[in-house]
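predicted coordinates and the sequence they were generated for:
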Amino acid sequence: MTEFDADTLDAQTQYKLLIGSITPRPIALVTTLGSHGPNAAPFSFFNGIGSDPAMVMFSVGARGGSAKDTIANILEIPEFVVHIVSDAIKEKMNVCAIDYPRGVNEIAEAGFTALPSKKVRPPRIAEAPVAFECRLLQLLELGRAPYQVVIGEVVYFHYHEGIVDEKFHVDVGKIDPIGRLAGRGGYTRITDRFEMAHRPFRNGAFAAPREQVEPGSGKMRDISPRAVPPFPAVTK
Ligand SMILES: Cc1cc2nc3c(=O)[nH]c(=O)nc-3n(C[C@H](O)[C@H](O)[C@H](O)COP(=O)(O)O)c2cc1C
């Protein structure tokens with residue numbers, strides 16, 4: 001076992017341990033608007049955190065002791081759009097990560113197309129397969145750096161055609177998201193996927209699985225037998 005007492009580690013070391021261990025991380029490409037114009041930047045300290053209402057969070061570190069443009073803008077206009085980063089837009093996303101001075105419009109610098117949002121003022125990015133228009137719920141300042149944890153309510157969902165079916169099932173293969181690995185520009189795709197059926201346990205016994213997963217029956221159903229242990233006999 002390799003182990004560390006956090007009290008003995010500096011912030012940079014703890015950062016390395018965190019980002020090397022929590023992988024892959026989804027990437028939010030966030031657009032905001034402020035008095036200096038629109039802004040776009042990626043954040044991988046990002047996730048969904050609830051669904052009533054739909055809520056997302058991302059966390060922004062300081063840059064040289066002052067707020068990054070995303071935070072400066074959210075303090076002016078407490079609205080933003082979170083875009084899921086697909087393989088097709090990864091290089092443009094990377095341009096948005098450049099530490100441009102405030103006032104540089106990364107949406108234009110990256111060659112993205114800005115579209116008006118429906119319910120918030122910041123623009124959204126046409127090329128992103130998924131865009132969540134959000135209103136700020138809470139801004140939490142945490143830690144010594146400090147980090148600004150942005151929590152938003154999703155007020156409008158956008159998807160490219162064909163990603164969501166009539167039952168609201170989302171085809172993640174059509175989103176084709178990339179995930180962030182540790183430093184030095186590490187990323188991953190979701191080209192190796194499997195499903196593991198949930199075994200419901202009710203009233204002291206295993207119930208029949210809701211849905212039998214058929215290996216080889218489709219892209220998302222294509223699970224390898226090694227990934228799924230056989231179901232035990234159902235006892236009633
Ligand atoms: C994939 C990726 C993920 C990133 N995740 C974060 C993050 O979670 N928090 C953060 O503060 N910066 C993160 N960054 C760095 C910011 O994107 C970068 O500092 C950016 O210039 C901030 O832009 P802004 O000043 O326009 O807000 C990430 C960069 C990349 C490429």
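Alright, I've got the coordinates.

tell me the helix or strand right after the lengthiest helix in the chain.
Criterion DSSP state H: the longest helix present in the chain is helix 11-21. Once helix 11-21 ends, the next helix or strand along the chain (criterion: DSSP states H and E) is strand 25-26.

adjacent strands (with direction) for that following strand?
Here strand 25-26 has these sheet partners by DSSP bridges: strand 178-180 (antiparallel).

so which bits of the next helix or strand after the strand it pairs with are buried?
Using DSSP H and E, the helix or strand that follows strand 178-180 towards the C-terminus is strand 187-189. Applying a neighbour-count criterion of 16 or more other Cβ atoms under 10 Å, one finds Tyr187 buried in strand 187-189. Every C-beta, even on glycine, is put in place using the N, C-alpha and C of the backbone.

and strand 187-189 with the ligand, contact?
No: figure legend: strand 187-189 not in contact with the ligand (Cβ under 6 Å from any ligand atom); closest approach 7.4 Å.

gap between Met196 and the ligand?
28 Å (Cβ to the nearest ligand atom, to the nearest Å).

on that earlier part again, contacts for the longest helix of the chain?
Outside helix 11-21, the residues that touch it by Cβ atoms under 8 Å, 6 or more residues apart in numbering are 4, 6, 9, 25, 44, 144-145, 180, 182-183.

list the contacts for the residue most central in space within the chain?
Against the mean C-alpha coordinate of the chain, by Cα atoms, centre = their mean, the closest residue is Pro26 at 3.7 Å. Residues near Pro26 by Cβ under 8 Å, 6+ apart: 44, 46-47, 84, 177, 179-180.

one more pass at 6 Å, please.
Contacts for Pro26 (Cβ atoms under 6 Å, 6 or more residues apart in numbering) come out as Phe46.

about what we covered before: which one of the contacts of helix 11-21 is nearest Gly64?
Ala145 (11.4 Å; Cβ to Cβ).

good, wrapping up.
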